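Asks: Just need the structure, nothing else, for what follows:
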Amino acid sequence: MPENALNFQPELIGETLVLRPLKADDFDGLYAAGSDPAVWAGHPARERYKPDLFRQYFDAQLASKGTLVFIDRATGKLIGCSRYYLAPDQPQAVSIGFTFLNNAYWGGATNFEIKRLMLDHAFKSVNDVWFHIDPANIRSQKATAKLGATHAYDAVLDISGSPVNWMCFRLTRDAWARVKSAEGH
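Replies: Numbering: from 1, shown residues only. Purely as a prediction, here's the structure:
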């Protein structure tokens with residue numbers, strides 16, 4: 001990481017969302033957001049809606065000290081989370097992943113607002129942001145490409161406890177600026 005190291009647990013405030021660090025007492029609210037099987041249907045962890053599997057995910061995110069929860073400002077409800085982390089193959093950059101969003105918020109501006117807040121924060125400290133996506137997760141691949149990220153390579157990496165295949169997408173600060181400009185942000 002560069003000298004002006006990234007704060008992995010900021011509070012980020014957007015037009016419709018607040019992103020803040022995950023807390024131990026967020027389990028019930030976050031599980032409510034992720035308890036629908038449809039949330040995980042296109043995800044490699046398709047059964048994460050089950051309480052015991054979600055608990056493992058939650059505990060790992062809490063222990064990471066890099067996870068932010070998404071709060072709908074209109075309702076105050078938790079609607080998902082994402083995490084900053086350092087990938088084993090890109091320690092000079094930051095990665096964003098381990099993301100889920102309640103399916104009621106798919107297909108609108110919510111995902112872009114989440115990524116805008118997280119990416120703008122990250123690009124204050126780094127020149128590149130990386131996304132590691134399961135090869136079967138087409139929805140995440142498409143969403144990441146819309147952000148301006150490009151598929152750089154495939155790798156077997158231990159990001160979440162065991163080595164698995166990942167598609168590695170790179171987003172540069174300049175590519176992100178172009179996407180934001182085109183979106184009018």
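
Asks: Only C-alpha atoms from now on, for both contacts and neighbour counts.
Replies: OK.

Asks: Now do the SS call for residue 141.
Replies: For residue 141, the assignment made with DSSP: H, G, I helix; E, B strand; the rest coil gives helix.

Asks: What pLDDT does the model give it?
Replies: The score at residue 141 is 91. That number is its pLDDT.

Asks: any idea how far it lies from residue 56?
Replies: Distance, residue 141 to residue 56, using C-alpha to C-alpha, to the nearest Å: 24 Å.

Asks: Compare neighbour counts for those two and give me the winner.
Replies: For residue 141 versus residue 56, neighbours defined as other C-alpha atoms under 10 Å are more numerous around residue 141 (21 against 12).

Asks: give the contact list for that one.
Replies: residue 133 (C-alpha atoms under 8 Å, 6 or more residues apart in numbering).

Asks: hmm, who's touching stretch 150-159?
Replies: Taking C-alpha under 8 Å, 6+ apart as the rule, stretch 150-159 contacts 87-89, 163-171.

Asks: What does the pLDDT read for residue 107?
Replies: 77.

Asks: ok, and residue 152, which helix or strand is that part of?
Replies: strand 150-158 (DSSP states H and E).

Asks: Over to residue 58?
Replies: Judged by DSSP H and E, residue 58 forms part of helix 51-64.

Asks: just checking, what packs against that helix?
Replies: helix 27-34 (3 or more C-alpha pairs under 8 Å, 6 or more residues apart in numbering; DSSP states H and E).

Asks: Pull out the buried positions in the helix it packs on.
Replies: Buried positions in helix 27-34, judged by neighbour count with 16 or more other C-alpha atoms under 10 Å: 27, 29-31, 33-34.

Asks: And for stretch 7-26?
Replies: Result for stretch 7-26 [16+ other C-alpha under 10 Å]: buried residues 8-9, 12-13, 17-22.

Asks: Which parts of the chain are helices?
Replies: In the chain, the helices defined using DSSP state H lie at 27-34, 37-40, 51-64, 110-122, 138-146, 173-183.

Asks: Mean confidence (pLDDT) on the shortest one, please.
Replies: Meaning helix 37-40. 90.

Asks: Then the longest one?
Replies: Taken as a whole, helix 51-64 has an average pLDDT of 95.

Asks: Give me the contact list for that helix.
Replies: 22-24, 27, 31, 34-35, 47-48, 67, 83, 85.

Asks: Which members of the residues you listed are the farthest-apart pair?
Replies: Spanning the widest gap among these are 35 and 85, at 24.5 Å by C-alpha to C-alpha.

Asks: Name the residue in these two with the higher neighbour count.
Replies: residue 85 (21 against 18).

Asks: Distance check, the more buried one against residue 170.
Replies: 14 Å.

Asks: do the same with residue 116
Replies: 15 Å.

Asks: before we move on, what about residue 111?
Replies: 18 Å.

Asks: Next one: the spatially closest residue to residue 10 that is not a sequence neighbour, what pLDDT does it get?
Replies: Leaving aside its chain neighbours, residue 10 sits nearest to residue 20 (6.3 Å; criterion: C-alpha to C-alpha, 6 or more residues apart in numbering). Residue 20 carries a pLDDT score of 98 in this model.
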